[in-house]
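Engineer: With the input below, show me the fold.
(chains A, B, C, D, E and F)
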Number of protein chains: 6
Amino acid sequence: MLRLVLPKGSLERATFELFAAADLTVQRSSDVDYSASIDDPRVEDVRILRPQEIPRYIEEGLFDIGITGRDWIEETTADVVSLGALHYSKSTTSPVRIVLAVGVDSPVSTVGDLPAGCRVATEYPRLTERFLAERGVEAEVRFSYGATEAKVPDIADAVVEITETGRALRAAGLRIIDTVLVSNTELIANRSSFADPQRARAMAQLHVLLEGTLEARGKVLVKLNVSAANLDAVIEVLPSMKSPTVSKLFGDDAYAVETVVPKSDINVLIPALKERGATDIIELALSKIVH
Amino acid sequence: MLRLVLPKGSLERATFELFAAADLTVQRSSDVDYSASIDDPRVEDVRILRPQEIPRYIEEGLFDIGITGRDWIEETTADVVSLGALHYSKSTTSPVRIVLAVGVDSPVSTVGDLPAGCRVATEYPRLTERFLAERGVEAEVRFSYGATEAKVPDIADAVVEITETGRALRAAGLRIIDTVLVSNTELIANRSSFADPQRARAMAQLHVLLEGTLEARGKVLVKLNVSAANLDAVIEVLPSMKSPTVSKLFGDDAYAVETVVPKSDINVLIPALKERGATDIIELALSKIVH
Amino acid sequence: MLRLVLPKGSLERATFELFAAADLTVQRSSDVDYSASIDDPRVEDVRILRPQEIPRYIEEGLFDIGITGRDWIEETTADVVSLGALHYSKSTTSPVRIVLAVGVDSPVSTVGDLPAGCRVATEYPRLTERFLAERGVEAEVRFSYGATEAKVPDIADAVVEITETGRALRAAGLRIIDTVLVSNTELIANRSSFADPQRARAMAQLHVLLEGTLEARGKVLVKLNVSAANLDAVIEVLPSMKSPTVSKLFGDDAYAVETVVPKSDINVLIPALKERGATDIIELALSKIVH
Amino acid sequence: MLRLVLPKGSLERATFELFAAADLTVQRSSDVDYSASIDDPRVEDVRILRPQEIPRYIEEGLFDIGITGRDWIEETTADVVSLGALHYSKSTTSPVRIVLAVGVDSPVSTVGDLPAGCRVATEYPRLTERFLAERGVEAEVRFSYGATEAKVPDIADAVVEITETGRALRAAGLRIIDTVLVSNTELIANRSSFADPQRARAMAQLHVLLEGTLEARGKVLVKLNVSAANLDAVIEVLPSMKSPTVSKLFGDDAYAVETVVPKSDINVLIPALKERGATDIIELALSKIVH
Amino acid sequence: MLRLVLPKGSLERATFELFAAADLTVQRSSDVDYSASIDDPRVEDVRILRPQEIPRYIEEGLFDIGITGRDWIEETTADVVSLGALHYSKSTTSPVRIVLAVGVDSPVSTVGDLPAGCRVATEYPRLTERFLAERGVEAEVRFSYGATEAKVPDIADAVVEITETGRALRAAGLRIIDTVLVSNTELIANRSSFADPQRARAMAQLHVLLEGTLEARGKVLVKLNVSAANLDAVIEVLPSMKSPTVSKLFGDDAYAVETVVPKSDINVLIPALKERGATDIIELALSKIVH
Amino acid sequence: MLRLVLPKGSLERATFELFAAADLTVQRSSDVDYSASIDDPRVEDVRILRPQEIPRYIEEGLFDIGITGRDWIEETTADVVSLGALHYSKSTTSPVRIVLAVGVDSPVSTVGDLPAGCRVATEYPRLTERFLAERGVEAEVRFSYGATEAKVPDIADAVVEITETGRALRAAGLRIIDTVLVSNTELIANRSSFADPQRARAMAQLHVLLEGTLEARGKVLVKLNVSAANLDAVIEVLPSMKSPTVSKLFGDDAYAVETVVPKSDINVLIPALKERGATDIIELALSKIVH
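Structural biologist: Okay, here's the model as predicted:
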């Protein structure tokens, strides 16, 4: 019932893996196919298109719901409803940044230092023009078809370019001097589709499944046994996000405890649990979490 | 104690993955080796041979048990015991189909339209001859060494060919007009080996492990907490395949519920559970299920 | 706070996978980078270097803790603290062996048969010299830069060489006549770093996480339901490594049982459980186990 | 002395192979480097940039000479000097075509049938607008970031798209209804650089080397011996592009003849030569031809 | 005008490379396409089919001319005209052999030792039956779908199998005891097509081009200069296949000599030429040779 | 009759390509085989071993002749006869350099600045010790098993390391301060084998073939026609390495000229020839040149 559009290119693989993990496997005949389907009553049709074009198509109602980056929503100024960020990008769970960069040897150190008439190459000409105009800089902004970072200093004086870690920019001899936008992957919807209660409910349900899958990637289920005497000491050290599930063990004066904890805490937590008397600690991977 | 034979070729990789997941890892020195072993007291010897030849070898007692397709059992008319279908094929969990197809522009629309003497190319000559004879068609059935779908219309007037999705046949300009056989992967046994109680028991045990692994692929374990007040509403919406495991939580008037549900239901079930008051819903992957 | 060194080369991929599974993901900019980092308060710095050189660097205090093989500890006779074996190697969980081998047609059948002055090629000259000297053999031990197994009989009369399965040696026409060393991967520490209580505690915690991850690879969590009448029969058949976790099911005269069992037992255990009345048996993969 | 710019992307590999074959090997540190060099006194500097941007950079004098497609010269309307076509493209020696295409089921059969307001997706918006305006069609031309052929019929009513063989368009369910441009790869120069006699001479020399290499790809050197009696008959059948080189053989009343012939003629020519008495016919590959 | 059929499978790549080198490039849309074309007035249509089936299709007139192995002509006993062997196979220029092999430990040492009723597995059942019958051996010949060499000793007592070097058979633990057939790649024609003078002439022309290309692979063109005094000594040592082409050099009392020699002789010939006073010896690769 | 040893590792592929081009194709059953053969009466046996070990094996008479780098001859100080350099390395025709390098930020700028006791990591310990001792530097030279360039500054203060272009060293943050050795690939022989006239003659012949092949890689054959009037002007501009071969053309007052010229001159020469009246200029690749 929902027409869905997914991003081709750098986000494509990560998006397909997320949908598969959310039991919403996207089926298409080949990797170069632009049409696909999801075997789910809420999804009528799936297209895979360039993320640059997705905000406009959602705005125009060609699709009800789609995934693209915040960068392209800002660049296109398309009027869409954002259902919220989905915390994944090409290879990490962090957002990407759109930055302003100059050559390492350039005397320019802040955006205000850019001289009038300087050439700025970018794949985001409108975003860049707004950013510079708001800061009073009169630059010649030029659309770049790619390889933007290689254009300084011969072909451009500065660039506005996407980066995950800054490494590619540094390798190209560039220095970041400002952040134009911090951009997450987002789930966006067409305004009138979203105003329809039935479709809005379906959208919210898809959102729960995708969010639940993303959240599960950063968490694990920890199970342990503990004697009655040590129960409080163990409970105390567990992360407070939610009360742990405690069951009395049959025939022993002991308890089984299970709880969900962030992966980032686990390598500190497990030694602590052990020190407080927890035994038989096991850790299991999660497929989905829904609060 | 059992001599086992596994299929080389299109089913090979999926079969090896299934055995590994069932903790019956097949060990061989290289990918082109025809001999292998499984570190299990019930398996004496493992060979990897063409699926076409497996039914005959099982019938003759060269092996006790083996895996092949129903298509080759029918083609060879070998006298073997079937322990049942294993629901996996090269890339899906669906059976394959052996179909009769003609050129898209052919005037033939049912098997009965095939003119006497028409040339039918196939890798299944005996199956095809039986199928056509039963329908009163006198055709010239010719053994095809491969590329069967490319033989219409120059070299053959029709083909009997295997297909998973029909896509390759359509791409070759063919139209399916009938289904000769729906063929699952099967676990088959030699008649006299199966008559031996000790070997039959070992076969049944292997079958349980393989079946349990296949079943786990399509299911997940769902765990959730729910207050006493909402327990019935939550239980009600759970799939009825089996009663869920309910334990009282220590110190709260609440319950922990866990149950196994099909993956295909999960993206509808989770939103429903949440709406009925379930909290802390988590989903875990399963390695095996045995009823 | 700990400076860590990991082995480049044949153990590299397996080591990185182990650390990632232990939630100690090693981050480096490229596969050929020798510097890396781990986002954990206990790890200050990570280097990836040849396993041959690691014992010496640990001894000299260039690093606090590291991973290498027992073979290189013996070859270098470096004075380091061993925190214990980590049971993984390039592709299996078994240790490797350093063996003495001669040509299949050689009259030599034990180390004592080696004639004085015979040429022994090896990447382990010191280990080999000690081994031969202890057995009273006077040989000319020569350092081999590689392809050691190809040197018999033209260039050497015997070799001392690493092997996992013996297959490469057999393929090169060699026959193993003695084992010089059975070598596990080990976690080793600098003596004075280990004498510092704070660093020793951090080392022990890392050890727990790595060990817990390795142990989880060979085990699974089994969950089942059983009626009160069959409870004892089911408990009896479970491996005795640890008492199983038993909880009473709500509303039924039945119990939920869960326990951790070795993968190597599972294909015998599951049929046995079923025969004793267990129902709803499921098996789940584990990420970590800590006793 | 010349600053040269070469096209990144689909023409990149073919361009680098052409330059290497012309003994003007382009050296760069890695495949993703945008800077390179050629060890030749006439080439001062080499950059590799998107073909879309090259005409403008040549016009502005950032480079003296460059290679791009006629399509991008027309799209950018950059004012540059064309030194002539170089007959190679991504994989053939034929030009590419920029075509107007609609869905196979569309009622539109000529450009004039396009209704006012119809949506035309293209990577060549200016070229498309000029083409349609000249034919009196008022369409909404939209810039496409890629996957243009997949946009019909949902997102666009027609496309203007590049094609070598038309196969990708047909596979996407499109029908070509008009040719907007036949586009060759071209060698272009900056106007004022070209006005400088010394640089113009260097450009002409590079042009000769590239042209000579391309021409040699389609020709072979044929050598044969023939008696005096058959000389005229053999000469007569040789292609008339140039008089063959004839030398008298020492001591015989016979001649050695050699000539350059197109590859496309050779499989007809050789049998004809043999029938007319030529002997010892051999064929050699050529590296370069300069008339 | 000729309908041509080429072999799919092990000969496919070598055949396509031969045709391309002969300026008869086979064009097809993809590597898995069974239809192709050659841009030559003598070739009307090209199909790529299994070599096993080609003799029969040529006999039946579905094609005028084709390439397959002598083994399949013998196996099928198809009535076709052979235009002669083309000396190339999968990876060498030597013919393949169809051999009879038994296990290394088998007591059988000649074909006559095979006991009555012994099982012989082969992809060539008819060829094998004829071979054995002529030698008075009564065996049970069984069609093998592949992996034939792995069937001894469990599934077969002997095999009749194709081999280029014998290496794969030795690696499988087999010992060759007889040669059933030495098989070259052959160019074959339909009887009635060959009886048509115009088609026969076109076939002969294609044969010349393919043969000329194959011959050129094993030969090189040697050019050298030599003084009048040394001319005879140099001529004397040149291979006698054809008189060399000798031209007097302008202005010197010296001669230029050129001749075609086998590659296999060149590494002995060049030192000899040098010793006899030849100077400026150069060697060039050849594309085709026609006598 | 000669026992030949070739280098495994970085020179392996280039060496095999050189021998194949010299019509001395090295045949081995697989890429990991250490034994091989060459079908040539002068070569009795071929082994492929580490270049580090080759000088010693040649000295000891295990082989008559071999290929390795000058670096390993110097490192091992083996007493061998050098037949001369072969100008090829892993990927270029230039020699490699063994250099002394320090960190970019190190205060050390010449070898004499190295402080006493400084740690120098290298795969060439003896060469390094001699080099430093001759310059009065007392350093701690340590054998490095690899990744040498990554050891500065933590593990070593300086390195002595091989480099082709210096790029890898720069990328690792190192600065070259001295050259220890310029090292070519060399053809070396055992002293007593070389003293045997028959074997020395065979060695010289192999040397001619390898040298002739290497020389041909950098040269091309140029052929042109020229009128009598322009002959002198054309001859004049040809490189003077050797008189060109000039033949009078039959029936015209014109000449055919052919000569061999370095590839590095060709892109300047061809335009010059054309300007002086040469016509029908063609360029052909050479397989071998012997003076």
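Engineer: So A:Leu4, which state does it fall into?
Structural biologist: Under DSSP: H, G, I helix; E, B strand; the rest coil, A:Leu4 falls in the strand class.
Engineer: What is the neighbour count of the residue in the stretch 151-291 of chain A positioned nearest to chain F?
Structural biologist: Chain F sits closest to A:Ala171 of the stretch 151-291 of chain A, with a gap of 10.2 Å, by CB to the nearest CB. Every C-beta, even on glycine, is put in place using the N, C-alpha and C of the backbone. Using other CB atoms under 10 Å in any protein chain shown, A:Ala171 has 11 neighbouring residues.
Engineer: Could you measure from it over to chain B?
Structural biologist: Counting by CB to the nearest CB, to the nearest Å, the gap from A:Ala171 to chain B is 39 Å.
Engineer: Next one: that residue relative to F:Arg167, how far apart?
Structural biologist: Using CB to CB, to the nearest Å, A:Ala171 is found at 14 Å from F:Arg167.
Engineer: The closest residue to chain E within the stretch 101-250 of chain A: neighbour count?
Structural biologist: For the stretch 101-250 of chain A, the residue closest to chain E is A:Gly146, as judged by CB to the nearest CB, at 28.6 Å. Neighbourhood size, A:Gly146 [other CB under 10 Å]: 13.
Engineer: list the contacts for it?
Structural biologist: By CB atoms under 8 Å, 6 or more residues apart in numbering or on different chains, the residues touching A:Gly146 are A:123, D:8, D:50.
Engineer: just the residues you listed that are near chain C?
Structural biologist: Near chain C, judged by CB under 8 Å from any CB of the partner chain, there are no entries from the contacts of A:Gly146.
Engineer: So how do I select the buried members of those residues in PyMOL?
Structural biologist: Remark: buried members of those, expressed as a PyMOL selection using 16 or more other CB atoms under 10 Å in any protein chain shown:
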select buried, (chain A and resi 123) or (chain D and resi 8+50)
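Engineer: can you tell me which of the contacts of A:Gly146 lies nearest to C:Leu24?
Structural biologist: Here the nearest of these to C:Leu24, counting by CB to CB, is A:Glu123; it sits at 36.9 Å.
Engineer: What's the separation between the closest one and chain D?
Structural biologist: Separation of A:Glu123 from chain D (CB to the nearest CB) stands at 9 Å.
Engineer: Tell me how many other residues crowd A:Asp253.
Structural biologist: By the criterion of other CB under 10 Å, A:Asp253 has 10 neighbours.
Engineer: I figured it hits A:Asn230, correct?
Structural biologist: No: between A:Asp253 and A:Asn230 there is no contact under CB atoms under 8 Å: 11.1 Å.
Engineer: Now do whatever residue of chain A ends up closest to chain E, the pLDDT please.
Structural biologist: Chain E sits closest to A:Ser30 of chain A, with a gap of 12.6 Å, by CB to the nearest CB. Note for A:Ser30: predicted pLDDT of 71.
Engineer: Tell me where the stretch 51-200 of chain A has helices.
Structural biologist: Counting by DSSP state H, counting those that start in this stretch, the stretch 51-200 of chain A has helices at residues A:54-59, A:70-76, A:125-134, A:167-171, A:191-195, A:197-217.
Engineer: Least reliable of those by average pLDDT, please.
Structural biologist: helix A:167-171 (a mean of 82).
Engineer: How far off centre is it?
Structural biologist: What separates the centre of helix A:167-171 from the centre of its chain is 22 Å, taken as CA atoms, centre = their mean, to the nearest Å.
Engineer: so what's the residue nearest to A:Tyr124 when sequence neighbours are not counted up against?
Structural biologist: Spatial nearest neighbour of A:Tyr124, excluding adjacent residues (CB to CB, 6 or more residues apart in numbering or on different chains): A:Glu75 at 4.9 Å. By CB under 8 Å, 6+ apart, A:Glu75 lies in contact with A:52, A:124-127.
Engineer: where are the low-confidence patches of chain A?
Structural biologist: Along chain A, segments meeting pLDDT under 70 span A:31-32, A:240-242.
Engineer: what sits up against stretch A:97-105?
Structural biologist: A:71, A:108, A:111, A:120, A:124, A:127, A:131, A:149, A:152-153, A:157-164, A:166, A:169, A:173-183.
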